[in-house]
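# Model the structure of this input:
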Amino acid sequence: YYAVGEFGFLFSPEYKAIVEHPQFTKKINLTALADYIRFQRVLGDKSFFEGVKRLRLGSTLKFDLNTKKLDVQQYWSFADISDQDPSFEEAVNTVSHLLQDAVKRQMTPEYRMGVYMSGGVDSRTLATIGKRHKANLHTITYGDPATKDYSIANRIARKIGTNHHNFPLLDGQWIAKHASDHLDLTEGVHIWLHAHGISTISEMRKHIDIQINGFAGDHLLNVYARRGMLLTQMLNLDPTGMISYMFDHMSQRSSWPCVSEGEALIVFAEPLREEMRDRAAESLREELAQFTHLPNVKAIDAFKFTNHTMGLTYNFNSFYRSGMEVRLPYLDYNLFNYIQGLPPDIRYKDGNLLCLRMLEKTIPEVTHIPNANDDLPPTKHPIKSFIGEALLRSNRLARRLFPDQIKEPPTLSIDYEELLRRDLKPWAENILFSNEIKDRGMFNPEYIASIWKRHQTSEVHTIGKFAPIISYEMLLRRFMDEDRGGI
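Okay, here's the model as predicted:
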């Protein structure tokens, strides 16, 4: 982050160091607020405060102390990635080799190492490869033991023989306890809904020095192909279609669904409401313009990587690094450049075929174990696929025949929506219906009351509509209330 003003030139890896400067006047960036409520993140180089910017990826900044001139130059972009031209089988083999090499080079013998294990693909891949190079590798799972994520992670850990640590989280008190820590470590850029794992750090620091993290694996390998577009759709998008698709993706698909178009008209209070109208859409349009010189598929990749992968999920590493070193094999330069340079018809072939074939080649010992997200084994191996699909059909049939006796377990290891109806309800209400949030006059209290009532009546997909409001209020209390410069 950096800022230039009468106070001179300020720069810091965290914006809170800048806004605490005695000569810096705190003023809320309304466009960043619009982004936050519509997308659960801030797009581009903005920060929550006017006058504070975030240095863009792959850029250098120079400030001339004599002339006071600021110069930001981009030294790398997605346009610099060389195109690859392999056959599909060559791509599978090369990705497998590069990934194994990336993990191997991160396994330092003299340090204790671990992988946070879920029921998905990224963590099982790193743990399986890592175990080949680190006999005493630790793995960690947290959440509700009754969920698929938790049980499948334990199954994978038993299969590969790691030193496994379980952290059952049966209520939501850990969130209330650690929410302020999460806010300080991520500065609100990461809303509290993404704080999972923070309660395990102090205990796991007793066992591991370095965490091998699966960050960016889903982006590179298109793991969750069903959440995206078909290749033909990506190739045929015109500029207007690109804006429409990306707005929908960022607001409804890449995280918990945010406020709808109708809700966006009433979430803010008067007189701020009119000033906020269309700000998020214009912000996205301006940010997308940074990438539209690229071919469609690469533009979509670059925008998502910059504003979702690095703009949102990267902040998991911020709080993990408060207790341990974090290493990111999927950001290995050779691996990243190779996959991003693959032709779209290979990288996106049948959605995620490249990923599935690579997994079968690289970690065949665990590809028969289903993915928690779809209950199917992450493989195209004919026998494993047949058995996995048969088991899935039989389980569905059993649940239909005996609905009272056989219940489908939840997928995610932590059910935030249900916790907010039970253990976390007082914590959330103390923020949403506080005098502070009313006195600010930024959010419509009738909207807050309405969406909270809808959530309490078990309406699904409401959490992304009010969770950013909770985080933003916490952010203002932490970084703004000592100097209420207004909006």
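
# Which residue lies nearest the spatial centre of this structure?
Residue closest to the mean C-alpha point of the chain, counted by CA atoms, centre = their mean, is Thr313 at 2.7 Å.

# Which SSE is immediately downstream of the helix or strand of the chain with the lowest mean pLDDT?
Least confident helix or strand of the chain, by mean pLDDT, DSSP states H and E, is helix 231-235 with a mean of 81. Using DSSP states H and E, the helix or strand that directly follows helix 231-235 along the chain is helix 239-248.

# thought the residue nearest to the centre of the chain was touching Phe215?
Yes - using CB atoms under 8 Å, Thr313 is in contact with Phe215, at 6.7 Å. For the C-beta atoms, the positions are set from N, CA and C on the backbone; glycine is no exception.

# can you give me phi and psi for the spatially most distant residue from the centre of the chain?
Computed with CA atoms, centre = their mean, the residue of the chain farthest from its C-alpha average is Asn66, at 40.9 Å. For Asn66, the backbone dihedrals (degrees, to the nearest 10) come out as phi -80, psi -50.

# One more: Gln73?
phi -120, psi 140.

# since we're on it, how many residues are nearby?
Residues contacting Gln73 under the criterion other CB atoms under 10 Å number 9.

# Which stretches in the protein count as strands?
2-5, 8-11, 59-63, 70-74, 113-116, 138-143, 163-168, 210-212, 325-327 (DSSP state E).

# which residues touch the nearest residue to Val72 once chain neighbours are set aside?
Nearest non-adjacent residue to Val72, counting by CB to CB, 6 or more residues apart in numbering: Leu61, 5.1 Å away. Residues near Leu61 by CB atoms under 8 Å, 6 or more residues apart in numbering: 2, 11, 55, 70-72.

# which residues of the protein score low on pLDDT?
When residues are selected by pLDDT under 70, those of the chain lie in 224-229, 482-487.

# let's see it at 50
Scanning the chain for pLDDT under 50 picks out the ranges 226-227, 484-487.

# And stretch 105-115, what's buried?
106-107, 112-115 (16 or more other CB atoms under 10 Å).

# Among those residues, list the two that are farthest apart in space.
For these, the farthest-apart pair by CB to CB is Gln106 and Arg112; their separation is 13.5 Å.

# Please enumerate the shared neighbours of those two.
Common neighbours of Gln106 and Arg112 (CB under 8 Å, 6+ apart) are Ile210.

# how close does the residue nearest to Val72 sit to Lys425?
Distance of Leu61 to Lys425, computed by CB to CB, to the nearest Å: 45 Å.

# So which residues make contact with stretch 379-389?
Residues outside stretch 379-389 that contact it (CB under 8 Å, 6+ apart) are 353, 356-357, 359-360, 364, 367-368, 370, 375-377.

# ok, Asn163 - contacts?
Here Asn163 is in contact with 136-139, 207 (CB under 8 Å, 6+ apart).

# Give the bridge partners for it, please.
Applying DSSP bridges to Asn163 yields these beta-bridge partners: His138.

# ok, now how distant is it from Ser96?
26 Å.

# Same check on Ser180?
Relative to Ser96, Ser180 is positioned 43 Å away (CB to CB).

# Next: Ala102.
Relative to Ser96, Ala102 is positioned 11 Å away (CB to CB).

# What of Met250?
Going from Met250 to Ser96 by CB to CB gives 32 Å.

# swap in Ala281?
Distance from Ala281 to Ser96, by CB to CB: 41 Å.

# Lys438 too?
Lys438 is 56 Å from Ser96, by CB to CB.
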